[in-house]
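Colleague: With the sequence up front, the predicted model follows.
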Amino acid sequence: MPQVSWRQNTIQKINMEHNDIKLTQYSHGAGCGCKISPAILDKILHSSVPATTDPRLLVGNDKRDDAAVFDLGNGSGLISTTDFFMPIVDDAYDFGRIASANAISDVYAMGGKPVMAIAILGWPIEKLPAEVAQRVLEGARAICAEAGITLAGGHSIDCPEPVFGLSVNGLVDIPKLKQNSTGTSGCRLYITKALGVGILSTAQKRGLLRSEDAAIALKSMTTLNKPGELFGKLDCVKAMTDVTGFGLLGHLSEMCEGSNLSAVVEFDKVPVIPSLPFYLEQNCYPGGTQRNWNSYGHKVTELTDQQKYILADPQTSGGLLVAVSPEGAAEFEAILKQQGLADNQLVPFGWLEAPSAGPLIKVI
């Protein structure tokens, strides 16, 4: 108890000494909105040199999945992933929490259990005090503790802008491994967090974010996707991924293309943060939205501006996108309810179907 009390007192002291520092002013991007656009990423990943193949590598870079998976030879797979970005909030402790929840999410998206994390820190040491970086790490440790893992070490560099994230390892029973490319026709589509944190983050950078919406965004981004570990045990869950910087449209496109299927989205059933229209009326949407649309818009039916800004909104520490067989939908929805999800997240917002000559994703 004395050690916990000392740590809490130290954090409170640092908060008081540096509460005028706003981290988002020190970076040109924010959260998963910093991601390189899918179109440019395709060029970066393209190689004329044949990739070295290892039969033990169950999921690699060619799969466009959330993490790599390596067969340990004992029925278990080692899940390995990394994720990092620039501040999406001004508070350092919360930045550490959000970045960590986002990185750990990749393991949950594969149906796995996280076991260890390593920190990645880039810090402008001439601009920001080391004590502020300490707060980032304290936030990371808090989320790692919530996930039941240890922040076991890391690496840091002097960097022009603050950057933080984790490299995370996890384990999964190979027969229970979930991928984004294994959906089947007829699967119902669910998402476990409401869309819109990219829009709210942009409002914050412009000084327009209302306090009640700031609390909603923070809660969403710091909530672990722990249900993914449970979903991994369900045979009715046919495919799964998390929704991050490419927005719902981008990650759903990857699921469709990997599964050789199309999707139908009922827009009115997509869970969204209720206050989004207020900010969209003030043209609050991140630059990443347009980058996403430039990459995926040609695969989608014609949308209104509002639909585009919401469905292509880059999410930071977003929810899980889950494809569930029709016969397992009732069981899955019962589990969602047990996990305390909101009513509009307990019903599917669309479905997968056989590909047609039309767009990859049809929004109705």
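Modeller: Cool, got the structure. Residues are numbered from 1 along each chain as shown.
Colleague: alpha carbons only for contacts and neighbour counts from here, please
Modeller: Will do.
Colleague: Would you map out the domains in this structure?
Modeller: Using automatic domain parsing, the domain ranges for the chain come out as 2-175, 179-363.
Colleague: could you give the mean pLDDT of the shortest one?
Modeller: When pLDDT is averaged along domain 2-175, the result is 83.
Colleague: before we move on, what about stretch 237-251?
Modeller: Averaging pLDDT along stretch 237-251 yields 95.
Colleague: how long is it from one end to the other?
Modeller: In stretch 237-251, first residue to last residue: 17 Å (C-alpha to C-alpha, to the nearest Å).
Colleague: coming back round to it: can you redo the domains of the chain as a markdown table with mean neighbour count?
Modeller: Below are the domains of the chain laid out as a markdown table (neighbours: other C-alpha atoms under 10 Å):
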| stretch | mean neighbour count |
| --- | --- |
| domain 2-175 | 19 |
| domain 179-363 | 20 |
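Colleague: Could you pull out the strands in the stretch 51-200 of the chain for me?
Modeller: Along the stretch 51-200 of the chain, the stretches classed as strands by DSSP state E, counting those that start in this stretch are 57-59, 68-71, 76-85, 113-123, 150-158, 163-173, 188-191.
Colleague: Distance to residue 131 for these - can I get that in a markdown table?
Modeller: Output for the strands of the stretch 51-200 of the chain, formatted as a markdown table (distance: least, C-alpha to C-alpha, whole Å):
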| stretch | distance to residue 131 |
| --- | --- |
| strand 57-59 | 39 |
| strand 68-71 | 34 |
| strand 76-85 | 19 |
| strand 113-123 | 11 |
| strand 150-158 | 14 |
| strand 163-173 | 15 |
| strand 188-191 | 37 |
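Colleague: Does residue 153 touch residue 119 like I think?
Modeller: Yes - with contact defined as C-alpha atoms under 8 Å, residue 153 counts as touching residue 119 (6.1 Å).
Colleague: Next, give phi and psi for the closest residue to residue 353 other than its chain neighbours.
Modeller: In space, and not counting its chain neighbours, residue 353 is closest to residue 185: 4.4 Å by C-alpha to C-alpha, 6 or more residues apart in numbering. Dihedral pair for residue 185: phi -60, psi 130, per degrees, to the nearest 10.
Colleague: Quick check: residue 185 vs residue 199, distance?
Modeller: Distance, residue 185 to residue 199, using C-alpha to C-alpha: 32 Å.
Colleague: Same check on residue 152?
Modeller: Applying C-alpha to C-alpha to residue 152 and residue 199 gives a distance of 34 Å.
Colleague: List the contacts of residue 106.
Modeller: When contacts are counted by C-alpha atoms under 8 Å, 6 or more residues apart in numbering, residue 106 touches 66-67, 81, 241-242.
Colleague: now residue 238
Modeller: Shown in contact with residue 238 (C-alpha under 8 Å, 6+ apart): 178, 182-184, 187, 322-325.
Colleague: Could you do residue 354 as well?
Modeller: Residue 354 makes contact with 185, 260-262, according to C-alpha under 8 Å, 6+ apart.
Colleague: Do a quick rundown of the helices in the stretch 251-364 of the chain.
Modeller: 276-280, 287-296, 305-311, 329-338 (DSSP state H, counting those that start in this stretch).
Colleague: Just the CA coordinates for the last one, please, in CSV.
Modeller: Coordinates of the C-alpha atoms in helix 329-338 are reproduced here as CSV (Å, rounded to 0.1, in the frame of the first residue of the first chain):
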residue,chain,number,x,y,z
ALA,A,329,-26.0,-14.5,-33.7
ALA,A,330,-28.3,-15.0,-30.7
GLU,A,331,-25.5,-16.6,-28.6
PHE,A,332,-23.1,-13.8,-29.6
GLU,A,333,-25.6,-11.0,-28.8
ALA,A,334,-26.2,-12.6,-25.4
ILE,A,335,-22.5,-12.4,-24.7
LEU,A,336,-22.3,-8.8,-25.9
LYS,A,337,-25.0,-8.0,-23.4
GLN,A,338,-23.2,-9.7,-20.6
